[in-house]
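> Curious how this folds, go ahead:
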Amino acid sequence: MNSEIKTNKKVVIVTGAGSGIGLAVTKKFLSKKFIVEASTKENVTELNKLALSSSTYENNLVINKINLNNYEQVKDYIKLIYKKYKQIDTLVNSAGIPQGGLFSLTKIEEIRKTFETNFFAQLHIIQLVSRLMIRRKKGFIINVSSATSFRNDQGNIAYGSSKASLNYATKILAKELGMYGLNVNAVAPGVTNTPMLKNMDEKSVETQLSNSSNNKIAEPEQIAQLIYFLSSEDASHITGQVIRIDGGQ
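So this is what the prediction gives:
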């Protein structure tokens, strides 16, 4: 049986789609008539609610339970998507895990675990997807970083460093993949109203808000709007950038 689906719609992969910024990104791309391959490790409740509104979104939502740290599973997942549509137009890397704690009290294993998810798993899926995008000489890759990657707040050695590494990788990948027509950017949100906010150190949150220009917590939809713009032809001359969306810190 031929499982290929011919479509004139664009296809986006969103990781970490089950909540927070990833869920907002999923909704945004669905509203723009994209086929959204939404992946999440375990949070499927909100995505299932969206699926119940499938008629609203023209049945464009596909939910996948994927562990990004399982490289073989991810490899099979990307192969399946490409086999199905013969195209991947956009990749949004929104998956990530929080980690906080003073360096002297943090096990190196915890730092390594944070990097595995927030950095190495991101590079792995980018490598797989970009190879397929190169075949069509076009594609947009957007990484979700964090404003903490630019800050030296105490307790952010693991999370901040993992996101800073993602920032640097974004710039290198933009250079290497630009000759093939691919755009690679990152967005770096400040304090945002997501489930992860509950896991952030309260002092760190207060410091970021007090250092911002508007002293406001962002909504995930504001981040999603920027991500969608970076995946559009209007942003075709923007690449290799880490765009802060942090209320002016």
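> hey, which helix or strand in this protein has the poorest pLDDT?
Lowest mean confidence among the helices and strands of the chain (mean pLDDT, DSSP states H and E): helix 202-211, at a mean of 71.
> Run through who's touching stretch 29-49.
Residues external to stretch 29-49 that are found in contact with it (CB atoms under 8 Å, 6 or more residues apart in numbering): 7, 9-19, 22-23, 26, 50, 57-58, 60-68, 77, 81, 85, 89-90, 95, 228, 231. C-beta here means a position set from N, CA and C on the backbone, and glycine is covered the same way.
> Rounded mean pLDDT for it, please.
For stretch 29-49, mean pLDDT is 93.
> Using PDB, list the CA coordinates for that stretch.
This file holds the C-alpha atoms of stretch 29-49, laid out as PDB (Å, rounded to 0.1, in the frame of the first residue of the first chain):
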ATOM      1  CA  PHE A  29       0.500  26.900  12.300                       C
ATOM      2  CA  LEU A  30      -2.900  25.000  12.200                       C
ATOM      3  CA  SER A  31      -4.600  28.400  11.900                       C
ATOM      4  CA  LYS A  32      -2.500  29.100   8.900                       C
ATOM      5  CA  LYS A  33      -3.500  25.800   7.200                       C
ATOM      6  CA  PHE A  34      -0.200  23.900   7.700                       C
ATOM      7  CA  ILE A  35      -0.100  20.200   8.300                       C
ATOM      8  CA  VAL A  36       1.300  20.000  11.800                       C
ATOM      9  CA  GLU A  37       3.200  16.900  12.800                       C
ATOM     10  CA  ALA A  38       3.100  17.600  16.600                       C
ATOM     11  CA  SER A  39       5.500  15.600  18.700                       C
ATOM     12  CA  THR A  40       5.500  15.300  22.500                       C
ATOM     13  CA  LYS A  41       7.100  12.900  24.900                       C
ATOM     14  CA  GLU A  42       4.000  12.400  27.100                       C
ATOM     15  CA  ASN A  43       1.700  15.500  27.200                       C
ATOM     16  CA  VAL A  44      -1.100  14.600  24.800                       C
ATOM     17  CA  THR A  45      -4.100  16.000  26.700                       C
ATOM     18  CA  GLU A  46      -4.200  19.400  25.100                       C
ATOM     19  CA  LEU A  47      -3.300  18.000  21.700                       C
ATOM     20  CA  ASN A  48      -6.200  15.500  21.900                       C
ATOM     21  CA  LYS A  49      -8.500  18.400  22.600                       C
END
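> got the angle for the helix or strand hosting E176 vs helix 202-211?
Counting by DSSP states H and E, the element that carries E176 is helix 157-178. The directions of helix 157-178 and helix 202-211 differ by 60 degrees, with axes from the mean of the first three to the mean of the last three CA atoms, to 10 degrees as the criterion.
> how distant is helix 157-178 from the center of its chain?
When distances are taken as CA atoms, centre = their mean, to the nearest Å, helix 157-178 is centred 13 Å away from the chain's centroid.
> what's the average pLDDT for it?
Here helix 157-178 scores 97 as its mean pLDDT.
> what helices or strands is the following helix or strand past that helix leaning on?
For helix 157-178, the following helix or strand on the C-terminal side (DSSP H and E) is strand 182-189. Helices and strands touching strand 182-189, as assessed by 3 or more CB pairs under 8 Å, 6 or more residues apart in numbering; DSSP states H and E, comprise helix 121-136, strand 139-144, helix 157-178, helix 220-230, strand 242-245.
> Figure out how far strand 182-189 is from the centre of its chain.
Between the mean C-alpha location of strand 182-189 and the chain-wide mean there is a distance of 9 Å, by CA atoms, centre = their mean.
> Equivalent analysis for stretch 137-155, please.
When distances are taken as CA atoms, centre = their mean, stretch 137-155 is centred 9 Å away from the chain's centroid.
> And that stretch, what's buried?
139-151, 153, 155 (16 or more other CB atoms under 10 Å).
> first to last residue in it, what's the distance?
With CA to CA, to the nearest Å as the measure, stretch 137-155 spans 42 Å from end to end.
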